[in-house]
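Engineer: Model the structure of this input:
(one chain, ligands or ions: 1)
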Amino acid sequence: MADPENQDNDQDDQNFPMEIENGHITDSNSGPEDESSDDENIQLANSDTGEYDRDIPTTHGYLGKLNPLSGYTIFEDGDQLHILAIYTDTLVFPGFTLPLVLYNYDENRVMQNFIKENNRVFVLLCANSAYSGIYEYGVTMEIYETKQKRGLLHIKARGRQRCRRLPGSPLENVASRIRLVTVRIVAEPAITSPLQDTQLLALKNKRKWAIKNYSELSRCKVYRRYHTAQYPFPFWIYDMNEVSYYIKVLLDALSSYGREYIPTDPEKLSYWFAQNYQLSHEERLQLLSLKTTLERLKLECIFLKLGRLICCENCEVLITDPAQVFVMSKDGIQSNYVNPGGHVYETVTVLSATNFQLVGNPSKQFSWFPGYAWTVMQCTFCNKHLGWKFTSNNLNPKEFFGLAKSGFKILCQTPTIQEDLTASQEQ
Ligand SMILES: [Zn+2]
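Structural biologist: Numbers count the residues shown, from 1 in each chain. Here you go, the predicted model:
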(Lines give C-alpha, C1' and ligand atoms only; values in the text may rest on other atoms or scores of the structure.)
Protein backbone atom coordinates (compact mmCIF):
# COMPACT_ATOMS: atom_id res chain seq x y z
CA MET A 1 0.00 0.00 0.00
CA ALA A 2 1.17 3.53 -0.70
CA ASP A 3 3.27 5.28 1.89
CA PRO A 4 2.96 9.00 1.16
CA GLU A 5 4.97 9.90 4.25
CA ASN A 6 8.08 8.10 3.31
CA GLN A 7 9.38 9.00 -0.11
CA ASP A 8 12.30 6.57 0.25
CA ASN A 9 9.86 3.72 0.59
CA ASP A 10 7.99 4.94 -2.43
CA GLN A 11 11.24 4.82 -4.36
CA ASP A 12 11.68 1.23 -3.25
CA ASP A 13 8.16 0.45 -4.38
CA GLN A 14 8.91 1.73 -7.85
CA ASN A 15 11.83 -0.67 -8.16
CA PHE A 16 9.51 -3.66 -7.86
CA PRO A 17 9.52 -5.79 -10.98
CA MET A 18 6.03 -6.97 -10.11
CA GLU A 19 3.14 -5.85 -7.99
CA ILE A 20 1.41 -8.07 -5.51
CA GLU A 21 -2.32 -7.71 -5.67
CA ASN A 22 -4.40 -9.24 -2.90
CA GLY A 23 -1.87 -11.97 -2.52
CA HIS A 24 -1.59 -12.76 -6.25
CA ILE A 25 1.47 -11.76 -8.22
CA THR A 26 0.49 -9.70 -11.24
CA ASP A 27 2.39 -7.76 -13.84
CA SER A 28 2.50 -4.09 -12.84
CA ASN A 29 2.09 -3.07 -16.48
CA SER A 30 -1.12 -4.96 -16.94
CA GLY A 31 -3.11 -1.80 -17.50
CA PRO A 32 -6.05 -0.33 -15.62
CA GLU A 33 -7.44 -2.36 -12.77
CA ASP A 34 -10.41 -4.50 -13.40
CA GLU A 35 -12.64 -4.18 -10.36
CA SER A 36 -14.54 -7.36 -11.09
CA SER A 37 -11.69 -9.76 -11.81
CA ASP A 38 -10.00 -10.06 -8.43
CA ASP A 39 -10.60 -12.27 -5.42
CA GLU A 40 -12.52 -14.80 -7.47
CA ASN A 41 -10.88 -17.67 -5.63
CA ILE A 42 -11.63 -16.42 -2.14
CA GLN A 43 -14.98 -16.50 -0.40
CA LEU A 44 -14.95 -12.99 1.06
CA ALA A 45 -18.34 -12.72 2.64
CA ASN A 46 -21.12 -14.72 4.23
CA SER A 47 -23.34 -15.66 1.28
CA ASP A 48 -26.56 -14.97 3.25
CA THR A 49 -25.78 -11.65 4.94
CA GLY A 50 -23.01 -10.27 2.70
CA GLU A 51 -21.09 -9.60 5.92
CA TYR A 52 -17.29 -9.54 5.41
CA ASP A 53 -15.38 -12.58 6.71
CA ARG A 54 -13.28 -11.22 9.63
CA ASP A 55 -10.88 -14.17 9.34
CA ILE A 56 -9.49 -12.93 6.02
CA PRO A 57 -7.37 -9.96 7.19
CA THR A 58 -5.70 -12.11 9.86
CA THR A 59 -4.13 -14.31 7.18
CA HIS A 60 -2.25 -11.33 5.68
CA GLY A 61 -3.00 -12.80 2.28
CA TYR A 62 -1.52 -9.74 0.51
CA LEU A 63 1.91 -11.23 1.33
CA GLY A 64 1.05 -14.19 -0.87
CA LYS A 65 1.51 -17.85 0.07
CA LEU A 66 4.33 -18.34 2.56
CA ASN A 67 5.86 -21.60 3.82
CA PRO A 68 4.67 -22.67 7.27
CA LEU A 69 7.17 -23.42 10.05
CA SER A 70 6.29 -25.57 13.02
CA GLY A 71 6.96 -24.94 16.69
CA TYR A 72 5.65 -23.23 19.77
CA THR A 73 8.45 -21.91 21.97
CA ILE A 74 7.79 -20.97 25.57
CA PHE A 75 10.72 -20.18 27.86
CA GLU A 76 10.87 -20.55 31.63
CA ASP A 77 10.37 -17.51 33.81
CA GLY A 78 13.73 -15.80 34.31
CA ASP A 79 15.49 -17.55 31.40
CA GLN A 80 18.27 -15.38 30.03
CA LEU A 81 18.67 -15.24 26.25
CA HIS A 82 21.27 -13.67 23.99
CA ILE A 83 19.05 -13.21 20.99
CA LEU A 84 18.40 -11.35 17.74
CA ALA A 85 15.99 -8.43 18.07
CA ILE A 86 14.10 -6.29 15.56
CA TYR A 87 13.47 -2.69 16.45
CA THR A 88 10.27 -1.18 15.03
CA ASP A 89 7.98 1.66 16.04
CA THR A 90 5.12 -0.75 16.49
CA LEU A 91 4.20 -2.73 19.59
CA VAL A 92 2.87 -6.29 19.56
CA PHE A 93 1.51 -7.98 22.67
CA PRO A 94 1.63 -11.76 23.26
CA GLY A 95 -0.90 -13.59 21.09
CA PHE A 96 -0.88 -11.04 18.25
CA THR A 97 0.65 -11.15 14.79
CA LEU A 98 3.39 -9.13 13.16
CA PRO A 99 3.86 -9.30 9.38
CA LEU A 100 7.25 -8.16 8.10
CA VAL A 101 8.79 -7.57 4.68
CA LEU A 102 12.56 -7.19 4.93
CA TYR A 103 13.54 -5.06 1.94
CA ASN A 104 16.91 -3.94 3.31
CA TYR A 105 19.70 -6.15 1.87
CA ASP A 106 21.61 -6.54 5.17
CA GLU A 107 18.47 -7.21 7.25
CA ASN A 108 17.34 -9.73 4.69
CA ARG A 109 20.69 -11.59 4.72
CA VAL A 110 20.89 -11.69 8.54
CA MET A 111 17.32 -12.95 8.97
CA GLN A 112 17.68 -15.53 6.19
CA ASN A 113 20.74 -17.03 7.89
CA PHE A 114 18.94 -16.86 11.24
CA ILE A 115 16.03 -18.93 9.87
CA LYS A 116 18.35 -21.29 7.96
CA GLU A 117 20.06 -22.15 11.24
CA ASN A 118 16.68 -23.31 12.54
CA ASN A 119 16.04 -20.29 14.72
CA ARG A 120 12.41 -19.29 15.07
CA VAL A 121 12.31 -16.83 17.97
CA PHE A 122 13.45 -13.23 17.93
CA VAL A 123 12.60 -10.28 20.16
CA LEU A 124 10.51 -7.31 19.07
CA LEU A 125 11.68 -4.04 20.59
CA CYS A 126 9.97 -0.67 20.31
CA ALA A 127 10.66 2.98 21.08
CA ASN A 128 10.45 4.31 24.64
CA SER A 129 7.75 6.80 25.63
CA ALA A 130 9.83 9.84 24.63
CA TYR A 131 10.79 8.17 21.30
CA SER A 132 14.41 8.89 22.29
CA GLY A 133 15.63 5.30 22.51
CA ILE A 134 14.60 1.67 22.82
CA TYR A 135 12.18 0.59 25.55
CA GLU A 136 13.50 -1.90 28.09
CA TYR A 137 10.61 -4.36 27.68
CA GLY A 138 9.97 -6.36 24.53
CA VAL A 139 8.07 -9.42 23.34
CA THR A 140 9.48 -12.71 22.02
CA MET A 141 8.11 -13.38 18.54
CA GLU A 142 7.96 -16.80 16.94
CA ILE A 143 8.19 -16.99 13.15
CA TYR A 144 5.44 -19.24 11.83
CA GLU A 145 5.57 -18.52 8.11
CA THR A 146 8.32 -17.26 5.87
CA LYS A 147 9.33 -17.05 2.22
CA GLN A 148 11.97 -15.34 0.12
CA LYS A 149 10.24 -13.72 -2.85
CA ARG A 150 11.94 -11.61 -5.51
CA GLY A 151 14.77 -10.64 -3.19
CA LEU A 152 12.49 -9.74 -0.28
CA LEU A 153 12.08 -11.82 2.84
CA HIS A 154 8.45 -12.12 3.95
CA ILE A 155 7.84 -13.16 7.55
CA LYS A 156 4.81 -13.66 9.76
CA ALA A 157 5.53 -13.93 13.48
CA ARG A 158 3.37 -14.21 16.57
CA GLY A 159 3.98 -12.65 19.99
CA ARG A 160 4.68 -15.22 22.71
CA GLN A 161 6.12 -13.84 25.97
CA ARG A 162 7.21 -10.58 27.48
CA CYS A 163 10.90 -10.08 28.17
CA ARG A 164 13.11 -7.41 29.63
CA ARG A 165 16.54 -6.26 28.52
CA LEU A 166 19.20 -7.02 31.10
CA PRO A 167 20.17 -3.70 32.71
CA GLY A 168 23.54 -2.53 31.47
CA SER A 169 23.77 -5.20 28.74
CA PRO A 170 25.03 -3.93 25.39
CA LEU A 171 22.72 -3.44 22.42
CA GLU A 172 24.77 -4.51 19.42
CA ASN A 173 23.83 -3.20 15.99
CA VAL A 174 23.74 -6.08 13.53
CA ALA A 175 22.04 -4.58 10.48
CA SER A 176 19.68 -1.63 10.10
CA ARG A 177 16.72 -2.46 12.40
CA ILE A 178 18.32 -5.66 13.74
CA ARG A 179 20.13 -5.77 17.09
CA LEU A 180 21.67 -8.44 19.32
CA VAL A 181 20.37 -8.18 22.89
CA THR A 182 20.41 -10.01 26.19
CA VAL A 183 16.97 -10.36 27.70
CA ARG A 184 15.30 -12.10 30.60
CA ILE A 185 11.92 -13.77 30.12
CA VAL A 186 9.07 -12.30 32.17
CA ALA A 187 6.58 -15.14 32.50
CA GLU A 188 2.97 -14.71 33.61
CA PRO A 189 2.47 -15.86 37.20
CA ALA A 190 -0.56 -18.13 37.68
CA ILE A 191 -3.69 -16.23 38.68
CA THR A 192 -4.64 -16.87 42.28
CA SER A 193 -6.37 -14.79 44.89
CA PRO A 194 -3.81 -12.64 46.72
CA LEU A 195 -5.47 -13.73 49.97
CA GLN A 196 -5.49 -17.44 49.18
CA ASP A 197 -2.54 -18.40 51.37
CA THR A 198 -4.03 -16.68 54.39
CA GLN A 199 -7.09 -18.91 54.29
CA LEU A 200 -7.63 -21.73 56.79
CA LEU A 201 -7.29 -25.10 55.12
CA ALA A 202 -10.70 -26.19 56.41
CA LEU A 203 -12.37 -23.21 54.74
CA LYS A 204 -10.39 -23.45 51.48
CA ASN A 205 -12.64 -26.20 50.16
CA LYS A 206 -15.71 -24.07 50.68
CA ARG A 207 -14.35 -20.97 49.01
CA LYS A 208 -14.33 -20.88 45.24
CA TRP A 209 -11.09 -19.26 44.17
CA ALA A 210 -11.21 -19.23 40.44
CA ILE A 211 -14.64 -17.89 39.64
CA LYS A 212 -15.09 -16.92 36.02
CA ASN A 213 -18.35 -15.12 36.43
CA TYR A 214 -18.51 -12.18 38.81
CA SER A 215 -22.21 -12.65 39.49
CA GLU A 216 -21.47 -16.09 41.01
CA LEU A 217 -19.29 -14.44 43.59
CA SER A 218 -22.23 -13.36 45.71
CA ARG A 219 -22.56 -17.01 46.85
CA CYS A 220 -19.16 -16.76 48.49
CA LYS A 221 -19.78 -13.55 50.36
CA VAL A 222 -20.30 -15.23 53.69
CA TYR A 223 -16.93 -17.02 53.50
CA ARG A 224 -15.22 -13.81 52.52
CA ARG A 225 -16.64 -12.13 55.62
CA TYR A 226 -15.51 -15.00 57.87
CA HIS A 227 -12.09 -14.90 56.32
CA THR A 228 -11.43 -11.20 56.44
CA ALA A 229 -12.80 -11.00 60.00
CA GLN A 230 -9.47 -12.55 61.04
CA TYR A 231 -7.57 -9.57 59.65
CA PRO A 232 -7.78 -5.80 59.83
CA PHE A 233 -9.16 -5.67 56.25
CA PRO A 234 -12.63 -4.59 55.17
CA PHE A 235 -14.39 -7.46 53.31
CA TRP A 236 -14.52 -5.52 50.02
CA ILE A 237 -10.76 -5.99 49.75
CA TYR A 238 -11.76 -9.18 47.90
CA ASP A 239 -13.34 -7.21 45.08
CA MET A 240 -10.28 -5.01 44.73
CA ASN A 241 -8.25 -8.13 43.95
CA GLU A 242 -10.92 -10.11 42.18
CA VAL A 243 -9.98 -10.86 38.56
CA SER A 244 -13.57 -11.70 37.59
CA TYR A 245 -14.68 -8.22 38.69
CA TYR A 246 -12.23 -6.47 36.34
CA ILE A 247 -13.13 -8.85 33.52
CA LYS A 248 -16.78 -7.91 33.92
CA VAL A 249 -15.98 -4.17 33.85
CA LEU A 250 -13.85 -4.51 30.69
CA LEU A 251 -16.22 -6.82 28.82
CA ASP A 252 -19.18 -4.54 29.57
CA ALA A 253 -17.25 -1.54 28.28
CA LEU A 254 -16.13 -3.39 25.13
CA SER A 255 -19.53 -4.93 24.34
CA SER A 256 -20.05 -2.62 21.33
CA TYR A 257 -17.08 -4.28 19.57
CA GLY A 258 -18.90 -7.62 19.46
CA ARG A 259 -18.41 -10.16 22.21
CA GLU A 260 -17.54 -12.99 19.83
CA TYR A 261 -14.16 -11.42 18.98
CA ILE A 262 -13.10 -10.62 22.53
CA PRO A 263 -11.45 -13.30 24.69
CA THR A 264 -12.80 -13.89 28.21
CA ASP A 265 -9.66 -15.56 29.57
CA PRO A 266 -8.11 -12.95 31.95
CA GLU A 267 -4.59 -12.99 30.47
CA LYS A 268 -5.78 -12.98 26.86
CA LEU A 269 -8.34 -10.25 27.58
CA SER A 270 -5.69 -8.05 29.24
CA TYR A 271 -3.49 -8.36 26.13
CA TRP A 272 -6.44 -7.90 23.76
CA PHE A 273 -7.27 -4.63 25.48
CA ALA A 274 -3.62 -3.49 25.47
CA GLN A 275 -3.31 -4.29 21.74
CA ASN A 276 -6.68 -2.96 20.62
CA TYR A 277 -8.03 -0.22 22.84
CA GLN A 278 -7.28 3.36 21.85
CA LEU A 279 -4.33 3.95 24.16
CA SER A 280 -1.39 6.31 23.90
CA HIS A 281 2.07 4.84 23.29
CA GLU A 282 3.02 5.63 26.89
CA GLU A 283 -0.05 3.84 28.30
CA ARG A 284 0.71 0.75 26.26
CA LEU A 285 4.33 0.69 27.41
CA GLN A 286 3.07 0.92 30.98
CA LEU A 287 0.86 -2.14 30.42
CA LEU A 288 3.76 -4.07 28.88
CA SER A 289 5.86 -3.52 31.99
CA LEU A 290 3.31 -4.71 34.60
CA LYS A 291 4.09 -7.99 36.32
CA THR A 292 0.72 -9.71 36.55
CA THR A 293 -2.55 -10.06 34.69
CA LEU A 294 -4.42 -8.61 37.68
CA GLU A 295 -2.26 -5.46 37.65
CA ARG A 296 -2.86 -5.06 33.92
CA LEU A 297 -6.63 -5.49 34.26
CA LYS A 298 -6.72 -2.96 37.10
CA LEU A 299 -4.83 -0.33 35.14
CA GLU A 300 -6.94 -1.01 32.04
CA CYS A 301 -10.09 -0.29 34.05
CA ILE A 302 -8.56 3.06 35.01
CA PHE A 303 -7.69 3.79 31.35
CA LEU A 304 -11.31 2.99 30.43
CA LYS A 305 -12.58 5.88 32.53
CA LEU A 306 -10.66 8.49 30.55
CA GLY A 307 -12.53 10.19 27.72
CA ARG A 308 -10.55 9.89 24.49
CA LEU A 309 -10.52 11.48 21.04
CA ILE A 310 -8.69 10.36 17.91
CA CYS A 311 -6.95 13.44 16.48
CA CYS A 312 -4.49 14.29 13.70
CA GLU A 313 -0.97 13.52 14.95
CA ASN A 314 0.34 16.79 13.57
CA CYS A 315 -2.33 19.52 14.00
CA GLU A 316 -4.56 17.72 16.54
CA VAL A 317 -7.78 18.36 14.63
CA LEU A 318 -10.51 15.81 15.44
CA ILE A 319 -10.51 12.81 13.08
CA THR A 320 -12.98 10.53 14.81
CA ASP A 321 -14.51 9.41 18.05
CA PRO A 322 -13.50 6.07 19.60
CA ALA A 323 -17.20 5.07 19.39
CA GLN A 324 -16.63 4.73 15.62
CA VAL A 325 -14.00 2.02 16.09
CA PHE A 326 -15.19 -1.43 15.00
CA VAL A 327 -13.81 -4.93 14.47
CA MET A 328 -12.89 -5.69 10.86
CA SER A 329 -10.40 -8.47 11.59
CA LYS A 330 -10.58 -11.42 13.96
CA ASP A 331 -7.20 -10.25 15.29
CA GLY A 332 -8.95 -7.18 16.68
CA ILE A 333 -9.42 -3.51 16.04
CA GLN A 334 -5.82 -2.52 15.91
CA SER A 335 -3.71 -4.82 13.75
CA ASN A 336 -0.32 -4.63 12.11
CA TYR A 337 -0.01 -4.67 8.33
CA VAL A 338 3.05 -4.25 6.15
CA ASN A 339 3.34 -2.38 2.84
CA PRO A 340 5.57 -3.44 -0.09
CA GLY A 341 8.25 -1.01 1.14
CA GLY A 342 8.57 -3.02 4.36
CA HIS A 343 6.95 -0.35 6.54
CA VAL A 344 4.76 -1.86 9.26
CA TYR A 345 1.56 0.08 9.91
CA GLU A 346 -0.46 -0.37 13.01
CA THR A 347 -3.96 0.25 11.72
CA VAL A 348 -7.24 0.96 13.50
CA THR A 349 -10.50 0.37 11.66
CA VAL A 350 -13.28 2.96 12.08
CA LEU A 351 -16.68 3.39 10.43
CA SER A 352 -16.54 7.14 9.95
CA ALA A 353 -14.03 9.98 10.02
CA THR A 354 -13.96 13.72 9.52
CA ASN A 355 -11.53 16.49 8.47
CA PHE A 356 -9.82 14.40 5.80
CA GLN A 357 -9.40 14.48 2.03
CA LEU A 358 -8.79 11.61 -0.37
CA VAL A 359 -5.72 11.55 -2.61
CA GLY A 360 -5.53 9.59 -5.88
CA ASN A 361 -7.77 6.84 -7.18
CA PRO A 362 -8.93 3.69 -5.41
CA SER A 363 -6.57 0.73 -5.85
CA LYS A 364 -6.82 -2.93 -4.91
CA GLN A 365 -3.11 -3.64 -5.15
CA PHE A 366 -1.63 -5.18 -1.98
CA SER A 367 -4.94 -4.53 -0.19
CA TRP A 368 -4.87 -5.53 3.47
CA PHE A 369 -8.59 -6.28 3.25
CA PRO A 370 -8.99 -8.44 0.14
CA GLY A 371 -12.05 -7.38 -1.84
CA TYR A 372 -11.72 -3.74 -0.79
CA ALA A 373 -10.01 -0.97 -2.75
CA TRP A 374 -8.01 1.60 -0.79
CA THR A 375 -7.54 5.35 -1.29
CA VAL A 376 -4.98 7.39 0.64
CA MET A 377 -6.49 9.87 3.13
CA GLN A 378 -4.81 13.03 4.41
CA CYS A 379 -5.65 15.65 7.02
CA THR A 380 -7.55 18.53 5.40
CA PHE A 381 -5.67 21.08 7.46
CA CYS A 382 -2.03 19.92 7.44
CA ASN A 383 -1.92 17.15 4.78
CA LYS A 384 -0.65 14.60 7.30
CA HIS A 385 -1.08 11.04 6.01
CA LEU A 386 -3.92 9.63 8.15
CA GLY A 387 -4.50 6.23 6.59
CA TRP A 388 -6.76 4.80 3.90
CA LYS A 389 -10.41 4.70 2.99
CA PHE A 390 -11.52 1.17 2.01
CA THR A 391 -14.42 0.75 -0.38
CA SER A 392 -16.26 -2.15 -1.99
CA ASN A 393 -19.31 -2.40 -4.23
CA ASN A 394 -20.56 -5.73 -2.94
CA LEU A 395 -19.21 -6.31 0.56
CA ASN A 396 -20.69 -5.28 3.85
CA PRO A 397 -19.71 -2.74 5.19
CA LYS A 398 -19.44 -0.90 1.86
CA GLU A 399 -16.82 1.47 3.23
CA PHE A 400 -14.65 2.01 6.29
CA PHE A 401 -11.38 3.67 7.22
CA GLY A 402 -8.05 2.20 8.26
CA LEU A 403 -6.30 4.85 10.34
CA ALA A 404 -2.51 4.48 10.56
CA LYS A 405 -1.24 4.75 14.13
CA SER A 406 1.55 7.02 12.84
CA GLY A 407 -1.09 9.48 11.56
CA PHE A 408 -3.10 10.05 14.71
CA LYS A 409 -2.70 10.61 18.41
CA ILE A 410 -5.05 9.84 21.27
CA LEU A 411 -5.99 12.92 23.25
CA CYS A 412 -7.20 12.01 26.73
CA GLN A 413 -9.65 14.17 28.59
CA THR A 414 -9.43 14.77 32.33
CA PRO A 415 -9.03 13.38 34.92
CA THR A 416 -5.35 12.62 34.51
CA ILE A 417 -4.13 9.08 35.13
CA GLN A 418 -2.23 10.15 38.23
CA GLU A 419 -5.30 11.74 39.84
CA ASP A 420 -7.33 8.66 39.11
CA LEU A 421 -4.71 6.29 40.51
CA THR A 422 -4.57 8.34 43.69
CA ALA A 423 -8.37 8.33 43.93
CA SER A 424 -8.57 4.54 43.59
CA GLN A 425 -5.89 4.07 46.24
CA GLU A 426 -7.79 6.26 48.66
CA GLN A 427 -10.99 4.24 48.34
ZN1 LIG B 1 -3.65 17.69 10.62
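Engineer: Counting neighbours, what do you get for whichever residue of the stretch 51-200 of the chain sits closest to the ion?
Structural biologist: Across the stretch 51-200 of the chain, the shortest distance to the ion (Cβ to the ion) belongs to residue 131, at 18.8 Å. Using the backbone N, CA and C atoms, a C-beta is placed for each residue, glycine as well. Neighbours of residue 131 under the rule other Cβ atoms under 10 Å: 10.
Engineer: just residue 165 next, same as before
Structural biologist: Residue 165 has 21 neighbouring residues, counting by other Cβ under 10 Å.
Engineer: residues contacting it?
Structural biologist: Residue 165 makes contact with 125, 134, 136-138, 171, 181-183, according to Cβ atoms under 8 Å, 6 or more residues apart in numbering.
Engineer: Roughly how far does residue 355 sit from residue 325?
Structural biologist: From residue 355 across to residue 325, the span is 17 Å (Cβ to Cβ, to the nearest Å).
Engineer: before we move on, back to that, Produce a ChimeraX select command limited to the buried residues of the contacts of residue 165.
Structural biologist: Command for ChimeraX that selects the buried part of the contacts of residue 165, burial taken from 16 or more other Cβ atoms under 10 Å:
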select :125,134,136,137,138,181,182,183
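Engineer: Return the subset of the contacts of residue 165 lying in strands.
Structural biologist: 125, 137-138, 181-183 (DSSP state E).
Engineer: could those residues go into JSON lines alongside pLDDT and distance to the ion?
Structural biologist: Listed next are those as JSON lines, based on pLDDT from 0 to 100; distance: Cβ to the ion, whole Å:
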{"residue": "125", "pLDDT": "94", "distance to the ion": "29"}
{"residue": "137", "pLDDT": "96", "distance to the ion": "31"}
{"residue": "138", "pLDDT": "96", "distance to the ion": "31"}
{"residue": "181", "pLDDT": "95", "distance to the ion": "36"}
{"residue": "182", "pLDDT": "96", "distance to the ion": "41"}
{"residue": "183", "pLDDT": "96", "distance to the ion": "38"}
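Engineer: Report the two of the residues you listed separated the most.
Structural biologist: Across the ones in strands among the contacts of residue 165, the longest distance by Cβ to Cβ is 13.8 Å; it joins 137 and 182.
Engineer: related to what we said a few turns ago, who are the contact partners of the residue of the stretch 51-200 of the chain closest to the ion?
Structural biologist: Residue 131 makes contact with 89, 281 under the criterion Cβ under 8 Å, 6+ apart.
Engineer: State the phi and psi torsions of it.
Structural biologist: Backbone torsions for residue 131, taken as degrees, to the nearest 10, come to phi 50, psi 30.
Engineer: any idea which of the contacts of residue 165 is closest to residue 79?
Structural biologist: residue 183 (9.0 Å).
Engineer: Count the residues that sit near the closest residue to the closest one other than its chain neighbours.
Structural biologist: By the measure of Cβ to Cβ, 6 or more residues apart in numbering, the closest residue to residue 183 outside its immediate chain neighbours is residue 163, 4.1 Å from it. Residue 163 is flanked by 27 other residues according to other Cβ under 10 Å.
Engineer: Touching, residue 84 and residue 117? I think so.
Structural biologist: No. Using Cβ atoms under 8 Å, residue 84 is not in contact with residue 117; the gap is 10.6 Å.
Engineer: more crowded one of these two?
Structural biologist: Using other Cβ under 10 Å, the more surrounded residue of residue 84 and residue 117 is residue 84, with 19 against 7.
Engineer: how close does the more buried one get to residue 138?
Structural biologist: In terms of Cβ to Cβ, residue 84 sits 12 Å off from residue 138.
Engineer: Please apply the same query to residue 91.
Structural biologist: 9 Å.
Engineer: so what sits against both of these two?
Structural biologist: The contact sets of residue 91 and residue 138 overlap at 124, 126 (Cβ under 8 Å, 6+ apart).
Engineer: Make a markdown table out of the contacts of residue 165 and add distance to residue 393.
Structural biologist: Formatted as a markdown table, those follow (distance: Cβ to Cβ, whole Å):
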| residue | distance to residue 393 |
| --- | --- |
| 125 | 42 |
| 134 | 45 |
| 136 | 48 |
| 137 | 45 |
| 138 | 43 |
| 171 | 50 |
| 181 | 48 |
| 182 | 53 |
| 183 | 48 |
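Engineer: just the residues of the chain that are near the ion, which are they?
Structural biologist: 312, 314-315, 379, 381-382, 384 (Cβ under 5 Å from the ion).
Engineer: still on that earlier bit, can you work out which residues contact both of residue 84 and residue 138?
Structural biologist: In terms of Cβ under 8 Å, 6+ apart, residue 84 and residue 138 are both contacted by the residues residue 123.
Engineer: what's the residue closest to the geometric middle of the chain?
Structural biologist: residue 275 (3.6 Å; Cα atoms, centre = their mean).
Engineer: Centre of the chain to stretch 169-177, how far?
Structural biologist: 24 Å (Cα atoms, centre = their mean, to the nearest Å).
Engineer: residues near residue 357, how many?
Structural biologist: Around residue 357 there are 12 residues (other Cβ under 10 Å).
Engineer: What pLDDT does the model give the residue nearest to residue 182 when sequence neighbours are not counted?
Structural biologist: Of all residues not flanking residue 182 in the chain, residue 169 sits nearest, at 4.1 Å (Cβ to Cβ, 6+ apart). Among the per-residue scores, residue 169 shows a pLDDT of 87.
Engineer: Could you grab the helix/strand/coil label for residue 169?
Structural biologist: Three-state assignment for residue 169 (DSSP: H, G, I helix; E, B strand; the rest coil): coil.
Engineer: what's around it, how many residues?
Structural biologist: 14.
Engineer: What of the one 3 residues further on?
Structural biologist: Other residues near residue 172 come to 13 when the count uses other Cβ under 10 Å.
Engineer: quick one, strands of the stretch 1-150 of the chain?
Structural biologist: Using DSSP state E, counting those that start in this stretch, the strands of the stretch 1-150 of the chain run over 18-21, 24-27, 67-68, 80-87, 97-102, 121-125, 137-149.
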